[in-house]
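Novice: Have a look at this fold, sequence not included:
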């Protein structure tokens, strides 16, 4: 046998292995094949190929493994149980960039499913090598490593802390300064995932100086990058007043308002979330947002989109209005109430309606002027019908009730209150009648209108327990009118009148 | 004597009389005594009563004055208190008036200033309008940009299409499908075709027996980089006057050997000095240097030795210079260049396989 024939055997074997891993990698892209592959024992076959002598086969095997683990958590668990992780972690530090990328992909695919799997990756000591990969020259490797780190950190505070302890944050902050958009995007997402768990983690991110770099990227034309950047900023700002102030000090206003006009829905949502997280903390921060015209921009944003994208904007209006009456007035004059009323009546989902109801309650609870502005927008009947509707969720009912109570206790705009008199349940009626009893003694025109519009008649028909608050209010209202009129409008007056006729002795 | 006789004569009567008189006195004595007592008691009673009356009168007089004094004193006090209370009420009333005014003013001016609030709200609505307009403009600009980009893309696509379908161009003999003789004017596509340059034929990539990993489906972002090809197994030695592959590889992959000049930094001496300086500075305990106890360090006056001093002055030869200098014979003022750059080839001698190296 010649040397050529001997070598041919090896060549054939290598070609077969290459073809096998490539085919498996290709098959693993389609979800319908995964089960068959799993049943055929693909894990056991791929594992030795990870240690193959040919680098191409190694990395294609890692790629196939990653795709399999990406598919569901059973397969990811199989990867963990098969003791594949230590091999990967070992070779992550040793091999070339293509292999590093594939290995980081496997780690990411395993770690994304559950905290336990992510913990398994951390236990293998993968974090240190991933952090070393962040220092790699190749942007692809950095991207894969930061992606994996982000997926590990996203589960809970302990895992995030582990990532922070491995020293990933300074390198991630360096990564967001790289020219590659994809790398920046993923590094920003990882920072967002790390800082979302606790104020301490957010503080560590801030200490490295991430905010300035993140704030610079708000104007980037890439929508996906903007999403991640805004999300990271809002995750940092949400924890405490100090952090929110640091975010504000990076001069994100009024630049961030342009994001509310973006064509991408998620950019809008994340921008509104960021503004909400900042406005939430103190009246001063809310004031700053109002002065920058943030409220008007958010209201326009609410008007221009539908569904869940509206939710942060709606809540932001509520938070701003909750701080003080001036801020609530600012929301009113920025035409926020009609927009919220539209949300309340148009949105199909209960939680958005509940948020809108809550925000309206916060706007209307300050003074009669505020309550009037809310009542004029014809919100009260809608709130009442939502409260009464049987298909409303419990949360929505609680929120609408609270909002109604807040608004009604301040409302002195009687024309808006009158329609409610006819179909409100007793616990709401109490507040409505209470408002009438406060206003009528001092306003003669209103007294007259109250009679002619049938309000007095309705009040007489209310059955209140003696000694209750409602009864007291009714008595106060009755005392504003002459006795004959009260009697005239009381139910059963005609019978009483007829009875008197029967009993009357004609004078002859 | 007569008297005596007269007296004697009167004696019997006298005795009688005396007796009579005594008896009479004795008879009335008790009565008189009682009467006297009565009179005395009455008189004394009158006297004492008068005295008591007098005392009473005096007492009333005193008490009247005293009580009058007390009463007046109390009244004065009462008046004073009443006056004080009146005053206080008045002051309080005035204070309320002042405070009312002041508080109203203060609140209206600083805390709940209606006009300021109105102005602030107006400013906010104005600002809102501006922000809205600005954002609308921004959105419009974005939209325009996107439209422009889409148009450009469309144009590019059309252009590519035209290049691809360039064979449909009409010739002088045969009108193409876009240049129908029945049309008044040629189709715009025809004009486009005229402008376009036909696509050249690309050389087809050589088919290999190994599947090119670049052609694998890329679903993951990280696989965007093409995987490099593997070196083929068992390549035969190419024909020709080539060196052994191992030798070439060794030559190619040998570690970098910088020359001495390159290896040492130009500033290494300065750096070392700096380092030593730093070290000294760091290790020093005290900024002032320690002087020894002896006075030898103190500056002393130089006394020239007797042997070396001469009255003909100082000889500079051997002290200032050692060589005769004739500056008038100099051609140029510049020094000769003393450092010669090392010759590159010498350092590589024997380390490369190049023939040229050996010749030198």
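Specialist: Looks like it came in fine. Since the model is a prediction, treat every value here as computed from it, not as a measurement.
Novice: residues contacting the closest residue to residue A:213 other than its chain neighbours?
Specialist: Closest residue in space to residue A:213, ignoring its immediate chain neighbours: residue A:176 at 5.3 Å, by C-beta to C-beta, 6 or more residues apart in numbering or on different chains. Using the backbone N, CA and C atoms, a C-beta is placed for each residue, glycine as well. Residue A:176 is in contact with A:184, A:187, A:188, A:191, A:210, A:213, A:214, A:217, counting by C-beta atoms under 8 Å, 6 or more residues apart in numbering or on different chains.
Novice: could you pull out the helices for the stretch 51-200 of chain A?
Specialist: All helices of the stretch 51-200 of chain A, identified by DSSP state H, counting those that start in this stretch, fall at A:55-71, A:73-81, A:84-94, A:97-111, A:115-123, A:126-134, A:139-153, A:157-165, A:168-175, A:181-195, A:199-207.
Novice: With mean pLDDT and distance to chain B as new columns, can the ones you listed be given to me in JSON lines?
Specialist: Formatted as JSON lines, these follow (pLDDT from 0 to 100; distance: least, C-beta to the nearest C-beta, whole Å):
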{"stretch": "helix A:55-71", "mean pLDDT": "88", "distance to chain B": "5"}
{"stretch": "helix A:73-81", "mean pLDDT": "85", "distance to chain B": "16"}
{"stretch": "helix A:84-94", "mean pLDDT": "83", "distance to chain B": "13"}
{"stretch": "helix A:97-111", "mean pLDDT": "89", "distance to chain B": "5"}
{"stretch": "helix A:115-123", "mean pLDDT": "91", "distance to chain B": "17"}
{"stretch": "helix A:126-134", "mean pLDDT": "90", "distance to chain B": "12"}
{"stretch": "helix A:139-153", "mean pLDDT": "92", "distance to chain B": "5"}
{"stretch": "helix A:157-165", "mean pLDDT": "92", "distance to chain B": "20"}
{"stretch": "helix A:168-175", "mean pLDDT": "92", "distance to chain B": "15"}
{"stretch": "helix A:181-195", "mean pLDDT": "93", "distance to chain B": "6"}
{"stretch": "helix A:199-207", "mean pLDDT": "93", "distance to chain B": "24"}
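Novice: For the ones you listed, give me CSV that also has mean neighbour count.
Specialist: What follows is these, written out as CSV (neighbours: other C-beta atoms under 10 Å in any protein chain shown):
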stretch, mean neighbour count
helix A:55-71, 26
helix A:73-81, 19
helix A:84-94, 19
helix A:97-111, 28
helix A:115-123, 19
helix A:126-134, 23
helix A:139-153, 28
helix A:157-165, 19
helix A:168-175, 22
helix A:181-195, 26
helix A:199-207, 19
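Novice: Let's test this: mean pLDDT of whichever strand or helix holds residue B:50, rounded?
Specialist: If you go by DSSP states H and E, residue B:50 is part of helix B:2-106. Computed over helix B:2-106, the mean pLDDT rounds to 91.
Novice: Could you point out the helix or strand that follows it?
Specialist: Following helix B:2-106 toward the C-terminus (DSSP H and E): helix B:114-164.
Novice: tell me the contacts of the residue of the stretch 401-508 of chain A at minimum distance from chain B?
Specialist: Using C-beta to the nearest C-beta, the point where the stretch 401-508 of chain A gets nearest to chain B is residue A:410, with a distance of 16.9 Å. Contacts for residue A:410 (C-beta under 8 Å, 6+ apart) come out as A:364, A:365, A:366, A:367, A:368, A:370, A:371.
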